[in-house]
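Student: sequence and computational prediction follow.
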Amino acid sequence: AGGLVATAPSSISLGGTVSTTNTAMSLGDGNTALTLADHLTLNTAGGALSLNGAVDGTLANTQSLTLNAGSAGAVSVTGDVGQTTSLHTLTLSHSHGATFTHPVIADTAVVLSNTAAGQTIRFEDNLSTGSLLTTGNGYHLELLGANTSVSAATTFLNTGSLTLGNAAGDVLTFAGGLVATAPSSISLGGTVNTTNTAMSLGDSGTPVVLNADATLNAGSGHLTLGGAVYGMHALALNSTGITTLVGTVGGNGQALSSLNTNLGGTLVINGGSVNTSGVQTYGETTAVSLGTDTTLTASMLTFNAPVTGAGYLHVVGASTLHGGDITTTGAQTYSGPVTLTADMVFDAGTEDVSFASTVDGAYNMRVSTAGLTTFSGAVGAGQALASLTVDSDGMTQISGYTVTTTGAQSFDDMVSLAHNTTLTASQVTFNAPV
């Protein structure tokens with residue numbers, strides 16, 4: 001009842017239950033290891049609980065350790081856990097914050113039952129376990145080791161914040177899948193993997209904030225970012241399933257440095273805006289879908305797949321288009337230079353299509369809209385287009401002085417020339433007044 005200190009012995013072997021009454025317990029040090037002779041529960045009922053040396057089982061994946069300091073007692077584990085002989089299960093029943101400064105191996109499970117709301121459970125080094133189980137309590141959880149590995153599907157239920165890595169070199173693998181929508185926020189850095197299983201991070205009340213460059217790999221599993229995503233770092237999203245961006249990306253005054261998605265799969269952008277200070281490269285070759293009016297702001301934007309949009313598409317910055325139609329129900333605006341590296345069709349229905357800068361590339365270009373088509377920069381001056389066709393019943397306004405194609409130019413709607421204009425082509429056809 002009065003407290004317990006055992007740091008002088010050469011080793012400690014324990015099983016059963018060891019308790020103090022609202023007083024501190026300190027076991028082991030750098031020269032005094034703790035070995036579990038059987039399952040062990042340590043209770044302090046509110047006192048500080050410290051394990052200062054290595055902690056091991058007697059037989060791998062057999063003995064379990066339960067730590068319970070109550071809501072008022074802090075837990076500090078400053079030695080390796082399960083590194084020589086792995087534990088079966090590590091359970092944190094309750095604490096006023098818990099810190100594990102060294103690697104932890106519990107082959108079957110790590111169970112984080114409770115910790116006082118607003119306090120943090122922190123794994124500062126590597127964590128390896130079969131299952132990581134949390135509860136719907138208000139504690140924060142930080143996984144900061146260079147390597148975190150969880151075999152089973154993992155759902156984070158804690159309603160405080162969640163930190164997954166804090167350096168670009170950190171690697172966290174949740175082989176069975178990953179869901180983190182309950183935490184109040186997610187801080188993300190490094191590489192997070194699942195093994196061909198779904199990954200879902202964030203929701204409308206749970207933003208994902210990058211604290212370092214981050215890569216999310218889901219293999220063939222679907223990858224969903226369900227809330228706002230921001231932070232001045234690079235983000236790579238890799239899935240051959242469906243990648244979905246539900247919220248805004250690069251908002252809150254913290255544009256991402258870059259955003260890249262991989263070859264394969266499809267991409268859905270539903271948040272209305274993606275803002276990066278550097279490039280946005282969308283590697284999907286099957287389909288990109290825009291679920292609402294969308295503004296994409298980047299130093300260079302690259303699409304490799306057909307794009308369909310339910311609303312307008314505004315591209316702020318240069319763009320490189322590798323093929324496939326861009327079809328929207330709203331207007332299309334391209335504020336920077338556009339480079340075609342494949343035949344392209346721009347279809348805005350009855351809305352306007354505007355190219356505010358140059359358009360180049362040795363490919364066929366078609367603009368299909370009953371609205372206004374505007375070329376404010378030179379077309380084909382840097383590299384002549386193969387051909388240019390503007391069809392439908394709208395109007396074309398050319399104010400960039402030159403349009404150059406190696407093949408034909410055809411204008412099916414009325415054409416307005418803002419300046420002296422030179423059209424260079426194998427043949428130019430006007431099917432409406434000029």
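Tutor: Ah, there it is.

Student: any weak-confidence spans in the stretch 51-200 of the chain?
Tutor: Within the stretch 51-200 of the chain, no stretch has pLDDT under 70.

Student: quick one, helices of it?
Tutor: Taking DSSP state H, counting those that start in this stretch as the criterion, the stretch 51-200 of the chain carries no helices.

Student: identify the bridge partners of Leu143.
Tutor: Phe123, Leu164 (DSSP bridges).

Student: how near is it to Gly309?
Tutor: Look at Leu143 and Gly309: by C-beta to C-beta, to the nearest Å, they are 37 Å apart. In this view, the C-beta of every residue, glycine as well, is placed from N, C-alpha and C.

Student: is Leu423 bridged to anything, and to what?
Tutor: Under the criterion used (DSSP bridges), Leu423 bridges to Val403.

Student: next one: Ala33
Tutor: Ser11.

Student: what about the residue nearest to Thr84 when sequence neighbours are not counted, neighbour count?
Tutor: Excluding its sequence neighbours, the residue lying closest to Thr84 (C-beta to C-beta, 6 or more residues apart in numbering) is Asp56, at 4.6 Å. If you count neighbours by other C-beta atoms under 10 Å, Asp56 ends up with 22.

Student: spit out the contact partners of the closest residue to Ala146 other than its chain neighbours.
Tutor: Leaving aside its sequence neighbours, Ala146 sits nearest to Asp170 (C-beta to C-beta, 6+ apart; 5.7 Å). Residues near Asp170 by C-beta atoms under 8 Å, 6 or more residues apart in numbering: Leu144, Gly145, Ala146, Asn147, Thr148, Gly189, Gly190, Thr191, Ala212.

Student: as JSON lines, these with neighbour count and distance to Asn52 would be great.
Tutor: Putting the contacts of Asp170 into JSON lines (neighbours: other C-beta atoms under 10 Å; distance: C-beta to C-beta, whole Å) gives the following:
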{"residue": "Leu144", "neighbour count": "21", "distance to Asn52": "20"}
{"residue": "Gly145", "neighbour count": "24", "distance to Asn52": "19"}
{"residue": "Ala146", "neighbour count": "14", "distance to Asn52": "23"}
{"residue": "Asn147", "neighbour count": "15", "distance to Asn52": "24"}
{"residue": "Thr148", "neighbour count": "25", "distance to Asn52": "23"}
{"residue": "Gly189", "neighbour count": "23", "distance to Asn52": "29"}
{"residue": "Gly190", "neighbour count": "24", "distance to Asn52": "29"}
{"residue": "Thr191", "neighbour count": "19", "distance to Asn52": "32"}
{"residue": "Ala212", "neighbour count": "17", "distance to Asn52": "31"}
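
Student: tell me how many other residues surround Ser354.
Tutor: Ser354, neighbours per other C-beta under 10 Å, totals 18.

Student: actually Gly16, sorry about that
Tutor: 9.

Student: so it sits against Thr41, correct?
Tutor: Yes. Gly16 is within contact range of Thr41, at 7.4 Å (criterion: C-beta atoms under 8 Å).

Student: need the overlap of contacts for those two.
Tutor: Counting by C-beta under 8 Å, 6+ apart, nothing touches both Gly16 and Thr41.

Student: okay, now Leu162: neighbour count?
Tutor: 24.

Student: now swap in Ala153 and tell me
Tutor: For Ala153, the count of nearby residues is 16 (other C-beta under 10 Å).

Student: check contacts around it.
Tutor: Applying C-beta under 8 Å, 6+ apart, the residues contacting Ala153 are Phe174, Gly176, Gly177, Leu178, Val179, Thr197.

Student: out of those, which sit inside strands?
Tutor: The strands, defined by DSSP state E, take in Phe174, Leu178, Val179 from the contacts of Ala153.

Student: quickly list what Val111 is bridged to.
Tutor: Thr91, Leu133.
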